[in-house]
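Colleague: only geometry, no sequence info:
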């Protein structure tokens, strides 16, 4: 309890709790009373502590702000303004106001879009917070990244909202909030208009009710409907088109508008992935229904189209190509491609396997797994018999002969090839085999090496890759003519491992899709390859022939499974004109590896996440500049970097009084300025430039990965040697032992001559990402 006097006749009485236990025992409250004014701030998490901040002279008896520390967030109340509004937080934002279900990184945001999005976010919160400045003063941030590109991190939440975060610096700032729950009816009796906005919490909760509760804070762990949870996000910075996919198969297409729109009509499209398949019965949740087709939209992202997939299963993958006005989405039942300009589906395919194929037999025992077990037993017994038959009675030999035999035995051991794990084929009738894991829209040489064709790629959990060629109408006839698609080729991986990543690259390893989006015409013309990453291995194929070029066995030699992968552009720290594209991947063991492209020579392997942290591994998102984000806990993001060229540091200075520092510290640093102490002087620098933790940021930054010999700031463990067993299996010529996958060709194609691989290192000798190792 706090008693604070004021210059007026009415003092402040502030207390925590005090509610009747029988009726309000579950409420977490802080009560503020001043004369006839009485407000009970009702929070959604427990109150840890609270205090008041006085006037300009620091007089606590004239409070101007109330600071409340909760278990999940920090609240600041303006006590000098009527109705006691809240202050808007400049840091320590609550990223888990609703549970985070997905995240998506967006880089290279244009200044025009950045300014418009920031203005739209301010208009959302202008009436909710106090207009007075933040009452807490302290250190000063050193802005060392003003010239860098704007970066955003999009988070999808369980309540159907999408939050846009500014991650250009070390502090994670909330820019804009998008809500999709107001577009759908959550129950049978909800016939309200989607344009209706809820009343402010202080007006809704107050009134004649006593005690005068006021719902306070943004943390809300409860969701009205689990079907609203956002599962996938895609955002195009050039067309300003946003895709939001939910748990019930709903996909909302939104465009960014700077002005308010009255009476906007939302079109609805239903796409069936199963069709008239006999015997299929959906036993899951029902689909969401729109409240109204006419809505009122404020400035910001406005809905244009709602696509409902049937059956209403969770969206597992999504991609967009704004120049073609196409986007694809996949579920556990199949995938589809939609023309959102014409509001028509272009491709629908069901990936469910026939139930009659199993015949009630456990296929896993009749496949290669059972045979390999029997074969290994036979070979073991044969080796034992062979060893016993070769055993001979000990004979006396000269000392020189013993030395020769010992040396020969050592050489024999050194020449022994490493043992390779036996990879068993996965059953095709697995219930999760039909899940679509990844897809891509890209223009590449799939029919021949002369003309580039628009294509659509989709990979499934059963190791299947479907390749469609698209026929786009001319630009002047785009709104009147349809897009046509035909299945061109199909790839089936031998072990039926789930396909996690698909990318078409040129001879330098640069992704063709990213070069097309940035209008980059550099490269080698018609020399292209496709990288198909499954959970067990990476494979590179020539285009358009789809002949194998090389592969990297991940599970067979390391026992790891791939979780996520992306092509990253590494820039030299000393020379901005030199760069190299590499494949960066994360495994289920929590380690990150960097491979050259397209040769797949491993440069770096470094531990990043604890292998027990399954949630952190599943939430990691790579950026195209060599950084990454993952959830260290439900309430914080961890940020790391793989490139010394792109490192975000939390730099700040703290003004202190002249005599605030002890004398012994002044003796140690007699030449340091006494009026200001830099945060860098308080802690020693790491051997390599690393990110520092910022107590004021929403991002916890304390482990950075650079080279194979750099010590991790969090664990202090040196990275393992980059030489791997796969180095001995590198491709030299056509004699490489590469398992041939089945490739079905549905149209004519021409063979492509094989070109040599460009061998380069990451960065320059002065760059921290340079690794001295064998590049094959």
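Modeller: Okay, I see it. None of these values were measured; they are calculated from a predicted model. Numbers count the residues shown, from 1 in each chain.

Colleague: now the helices for the protein?
Modeller: For the chain, the helices identified by DSSP state H occupy 21-24, 111-125, 201-205, 368-390, 399-414, 512-517, 555-558, 614-618, 663-668, in order along the chain.

Colleague: lowest average pLDDT across the ones you listed?
Modeller: Set side by side, those differ in mean pLDDT, and helix 201-205 is lowest with a mean of 43.

Colleague: which stretches of the stretch 101-250 of the chain have low pLDDT?
Modeller: Judged by pLDDT under 70, the stretch 101-250 of the chain has its weakly predicted residues at 143-148, 188-208.

Colleague: so residue 180 sits against residue 244, correct?
Modeller: Yes: here residue 180 lies in contact with residue 244, judged by Cβ atoms under 8 Å, at a distance of 5.8 Å. C-betas here are computed from N, CA, C, even on glycine.

Colleague: mutual contacts of these two, please.
Modeller: Taking Cβ atoms under 8 Å, 6 or more residues apart in numbering as the contact rule, the neighbours common to residue 180 and residue 244 are 162, 230, 252.

Colleague: residue 347 bridge partners, please.
Modeller: Here residue 347 sits in beta bridges with residue 337, going by DSSP bridges.

Colleague: before we move on, back to that, more crowded one of residue 180 and residue 244?
Modeller: Neighbours per residue, other Cβ atoms under 10 Å: of residue 180 and residue 244, the larger number sits with residue 244, 29 against 22.

Colleague: what's opposite the more buried one in the beta bridge?
Modeller: Counting by DSSP bridges, residue 244 is bridged to residue 233, residue 252.

Colleague: relative to residue 474, how far out is it?
Modeller: Using Cβ to Cβ, to the nearest Å, one obtains 31 Å as the distance from residue 244 to residue 474.

Colleague: and for residue 495?
Modeller: Here the criterion is Cβ to Cβ. By it, residue 495 lies 44 Å from residue 474.

Colleague: so for these two, which sits in the more crowded spot?
Modeller: For residue 495 versus residue 474, the count of surrounding residues by other Cβ under 10 Å is larger for residue 495: 19 against 7.

Colleague: next, count neighbours for residue 212.
Modeller: Residue 212 has 17 neighbouring residues, counting by other Cβ under 10 Å.

Colleague: need phi/psi at it.
Modeller: Per-residue torsions, residue 212: phi -80, psi 80 (degrees, to the nearest 10).

Colleague: my guess is it contacts residue 37. True?
Modeller: No: the pair residue 212 and residue 37 fails to qualify as a contact (Cβ under 8 Å) at a distance of 9.4 Å.

Colleague: so where's the stretch 551-700 of the chain shaky on pLDDT?
Modeller: Applying pLDDT under 70 to the stretch 551-700 of the chain flags the ranges 661-700.

Colleague: next: the stretch 351-500 of the chain.
Modeller: Scanning the stretch 351-500 of the chain with the threshold set as pLDDT under 70 gives 354-431.

Colleague: do that again at 90, thanks
Modeller: For the stretch 351-500 of the chain, residues meeting the criterion pLDDT under 90 lie at 352-433, 449-450, 475, 494-496.

Colleague: for residue 583, see how far away the closest residue to residue 578 other than its chain neighbours is.
Modeller: Beyond its immediate neighbours in the sequence, the residue positioned closest to residue 578 (Cβ to Cβ, 6 or more residues apart in numbering) is residue 572, lying 4.3 Å away. Using Cβ to Cβ, we find residue 572 at a distance of 18 Å from residue 583.

Colleague: counting neighbours, what do you get for the nearest residue to residue 511 once chain neighbours are set aside?
Modeller: With Cβ to Cβ, 6+ apart as the criterion, residue 511 has its nearest non-adjacent residue at 4.8 Å, and that residue is residue 567. The burial metric for residue 567, expressed as a neighbour count using other Cβ under 10 Å, is 20.

Colleague: do the one 3 residues further on as well
Modeller: Taking other Cβ under 10 Å as the neighbour definition, residue 570 ends up with a count of 26.

Colleague: show me what it is bridged to.
Modeller: In this structure, residue 570 has the following beta-bridge partners (DSSP bridges): residue 580.

Colleague: check the gap between it and residue 627 for me.
Modeller: Distance from residue 570 to residue 627, by Cβ to Cβ: 11 Å.

Colleague: spit out the residues that contact the two alike.
Modeller: Listed as contacting both residue 570 and residue 627 by Cβ under 8 Å, 6+ apart are 642, 643.

Colleague: what sits opposite the closest residue in space to residue 84 that isn't next to it in sequence in the beta ladder?
Modeller: Of all residues beyond its chain neighbours, the one nearest residue 84 is residue 77 (5.5 Å), with distances taken as Cβ to Cβ, 6+ apart. Beta-bridge pairing of residue 77, defined through DSSP bridges, involves residue 66, residue 86.

Colleague: dump the residue contacts of residue 77.
Modeller: Each residue near residue 77 by Cβ under 8 Å, 6+ apart is listed here: 32, 41, 65, 66, 67, 68, 84, 85, 86, 87.
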